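Asks: Turn this into a structure:
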Amino acid sequence: MEEDMFCYIHEGGQLVKCVGGSVQYQGGRSESMVVSRHMSHSDFVSKLCDALHFDQNSIKLEFTVKFEPSCLLPLHDDAALLKMYDSECKGASMASIGSDISPSSKAGVRSMYYNRVSLSYVTSNPSLGEDKPSFFSIRAYISFIKPDQTMWYRACKTCNKKVTDAIGFGYWCEGCQKNDDECSLRYIMVVKDSDASGEAWLSLFNEQAERIFVCSADELNKLKSQEGEENLFQQKLKEAIWVPHLFRISVAQHEYTNEKRQKITARAVVPVDYAAESRLLLEEISKMKTSQ
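Replies: Below you'll find the predicted structure:
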């Protein structure tokens, strides 16, 4: 990708060398986020700390590069962040597309082309994510957005957790243990995703939905509340469908009314890079010729 990079953020575990020389991250917890080439180091740290609820003064960031995944490099300034980006995104060689980049103990990277599958592969394998979430990449379109669903929740402006109406006035945040006069809206919704093989319902959270709608939940809510002949809210939903995206998804099993169901969640969304798509197709054609 030229402008965006999908990252895994790992904390609390360790790098383990496996038989054959590969490197795996074990233990701790993991989150994901999309890094923009134009993001500063301070913005990166702020975004990471918001996602993992860290104190910015209590963390030490490191990253790995694809050619030596067992080596940890310090991620302490804008230059190091750019180096992390370039180590993944530069070099348009065929070998780099879809290659597995082992994560580091703090900040690791995987390509949006890693483990690419079709939607039918996910939906036709109901056991996926049974023991732990499975992660895949797909190229798909949003084909339907139910307009009358609950698309957002009221969130604390400090910690982004759900707030409730406070006694008297304002909003109560259980996480911060305080009242506030204002709150913000954050997306949480489902959309129908489609590709050539089939369709599936996909859960979206705030960061992913903002990339799709190109506006915040507060802005979309204002459009929904506006009256007039021109329905700007419906127009915004219409503009979001049938636009190709690359999705990094997780697949997990959830129990509902004593029945296990597959839940697919978008962890990252980026626009389609057609140059990279072309290289991927050429690589697949090359593999087919080799196997004949």
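
Asks: domains for the protein, by residue range?
Replies: Here the domain assignment for the chain is 4-109, 119-291, based on automatic domain parsing.

Asks: low-scoring stretches of the stretch 1-150 of the chain, by residue?
Replies: 1-3, 11-15, 17-31, 51-59, 65-70, 87-111 (pLDDT under 70).

Asks: any idea where the helices of the protein begin and end?
Replies: For the chain, applying DSSP state H gives helices covering 41-52, 78-89, 119-123, 206-213, 217-225, 232-240, 274-291.

Asks: would you turn these into CSV with mean neighbour count and distance to residue 6?
Replies: The C-beta positions use only the backbone N, C-alpha and C, and glycine is treated the same way. Formatted as CSV, the helices of the chain follow (neighbours: other Cβ atoms under 10 Å; distance: least, Cβ to Cβ, whole Å):
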stretch, mean neighbour count, distance to residue 6
helix 41-52, 16, 14
helix 78-89, 18, 9
helix 119-123, 18, 18
helix 206-213, 20, 11
helix 217-225, 15, 23
helix 232-240, 15, 21
helix 274-291, 12, 13
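
Asks: if we compare those, which one ends up closest to residue 152?
Replies: Taking Cβ to Cβ as the criterion, residue 152 comes closest to helix 217-225 out of the helices of the chain, the separation being 4.0 Å.

Asks: CA atoms only for the closest one, dumped as CSV, please.
Replies: The C-alpha atoms that make up helix 217-225 are tabulated as CSV, following Å, rounded to 0.1, in the frame of the first residue of the first chain:
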residue,chain,number,x,y,z
ALA,A,217,-20.7,9.5,13.6
ASP,A,218,-21.6,13.0,15.0
GLU,A,219,-21.6,14.4,11.4
LEU,A,220,-23.7,11.5,10.1
ASN,A,221,-26.2,12.0,12.9
LYS,A,222,-26.6,15.7,12.0
LEU,A,223,-27.4,14.7,8.5
LYS,A,224,-30.0,12.2,9.8
SER,A,225,-31.7,14.8,11.9
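
Asks: got a list of contacts for it?
Replies: Where contact means Cβ atoms under 8 Å, 6 or more residues apart in numbering, the residues beyond helix 217-225 that reach it are 151-152, 184-187, 206, 209-210, 213, 232-233, 236.

Asks: just curious, which of these is nearest to residue 85?
Replies: Here the nearest of the contacts of helix 217-225 to residue 85, counting by Cβ to Cβ, is residue 210; it sits at 20.9 Å.

Asks: unless I'm mixing things up, the closest one is touching residue 185, no?
Replies: No: between residue 210 and residue 185 there is no contact, the gap being 11.1 Å when judged by Cβ atoms under 8 Å.

Asks: May I have the phi/psi pair for the residue of the chain most remote from its centre?
Replies: Distance from the C-alpha centroid of the chain peaks at residue 168, with 37.9 Å (Cα atoms, centre = their mean). Backbone torsions of residue 168, given as degrees, to the nearest 10, read phi 100, psi -70.

Asks: ok, back up a step: now for the helices of the chain, which one comes closest to residue 159?
Replies: Of all the helices of the chain, helix 41-52 comes closest under Cβ to Cβ, at 8.3 Å.
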